[in-house]
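Chemist: Fold the stuff below for me.
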Amino acid sequence: MNQPFFTESDFNIFTTDSSLETRMDAIKSEIQPKFKEIEQEILPFLNNSTEEEFFGHIAKHARRTVNAPKDTWIAFATNKRGYKMLPHFQFGLWGTHLFVLFGIIYESPNKQKIATNFDKNKNKLFKLIPKNFVISYDHMKPDVHPRSKMKKDEFQQGIQRFHDVKKSEYLCGITIPKDEAITLTKESLIHTIKDTYNTLLPLYEISIK
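Modeler: Model (predicted):
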């Protein structure tokens, strides 16, 4: 019988009151090995899908000195040294859910150019992004905006804000609630990640034009 890949205890790492050192030890021992397994499946998929070379970047949380991280992730980008400056794919978890996203965060030097390309393709993107997907404008918060509840003008306003506001970001994909996530086998989770990234590839293509 196939076992769930992520467990209740994985999510509890982020909901149990603990020190930075304690939480980081748990992330390194329990979560990061699973990220490595996901990386082995996802890198070949992205490389084949884009004909580019992607690299995995597991979050190190190196800047933290006091507060324990509230989430953790692995990002996939075409630079071996880092991902924050580039359009990238990410997978990770908060204490409440998994997330499978494509994103451009505020560190990207091409953020405004990408936002302009999104604006030029806004009608296409509005139709392309499935209604069960979500959009986030800040990767440091767990809050997301369901695509299903967005009217066209609100969708366009999100792109405009991404262009105009320095700290605004743009991430799109799916979230998987904890109760569902802890039922998924590795095989079914990998399938979901690949399927989600495949749907998001047009956003990636637009973002690198």
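Chemist: CA only for contacts and neighbour counts going forward, please
Modeler: Will do.
Chemist: Any idea how many residues pack against the residue lying closest to residue 47 once chain neighbours are set aside?
Modeler: Once flanking residues are discounted, residue 47 sits nearest to residue 53: 5.3 Å by Cα to Cα, 6 or more residues apart in numbering. Residue 53 is surrounded by 15 other residues when neighbours are defined as other Cα atoms under 10 Å.
Chemist: got it, and residue 124?
Modeler: Burial measure for residue 124: 12 neighbouring residues, criterion other Cα under 10 Å.
Chemist: what about it, distance to residue 117?
Modeler: Counting by Cα to Cα, to the nearest Å, the separation of residue 124 from residue 117 is 11 Å.
Chemist: same thing with residue 94?
Modeler: Summarising the geometry, the distance separating residue 94 from residue 117, computed by Cα to Cα, is 30 Å.
Chemist: more neighbours, those two?
Modeler: Residue environment comparison for residue 94 versus residue 117 gives the larger neighbour count to residue 94, 22 against 17, counting by other Cα under 10 Å.
Chemist: What residues are bridge-paired with that one?
Modeler: Here residue 94 sits in beta bridges with residue 71, as judged by DSSP bridges.
Chemist: so what's it up against?
Modeler: For residue 94, the contacting residues are 11, 14, 70-72, 142, by Cα atoms under 8 Å, 6 or more residues apart in numbering.
Chemist: buried set for the host helix or strand of residue 201?
Modeler: For residue 201, the enclosing helix or strand under DSSP states H and E is helix 186-207. For helix 186-207, the neighbour count (16 or more other Cα atoms under 10 Å) marks 186, 189-190, 192-194, 196-197, 199-201, 203-204, 207 as buried.
Chemist: Export those residues to a markdown table and append columns for distance to residue 137.
Modeler: Formatted as a markdown table, the entries for the buried residues of helix 186-207 read as follows, by distance: Cα to Cα, whole Å:
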| residue | distance to residue 137 |
| --- | --- |
| 186 | 29 |
| 189 | 25 |
| 190 | 25 |
| 192 | 23 |
| 193 | 21 |
| 194 | 23 |
| 196 | 19 |
| 197 | 18 |
| 199 | 19 |
| 200 | 16 |
| 201 | 19 |
| 203 | 15 |
| 204 | 16 |
| 207 | 16 |
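Chemist: TSV please, covering the residues you listed and showing distance to residue 106 and pLDDT.
Modeler: Below are the buried residues of helix 186-207 laid out as TSV (distance: Cα to Cα, whole Å; pLDDT from 0 to 100):
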residue	distance to residue 106	pLDDT
186	32	97
189	28	98
190	28	98
192	27	98
193	24	98
194	25	98
196	23	98
197	21	98
199	23	98
200	19	98
201	20	97
203	17	96
204	16	97
207	14	96
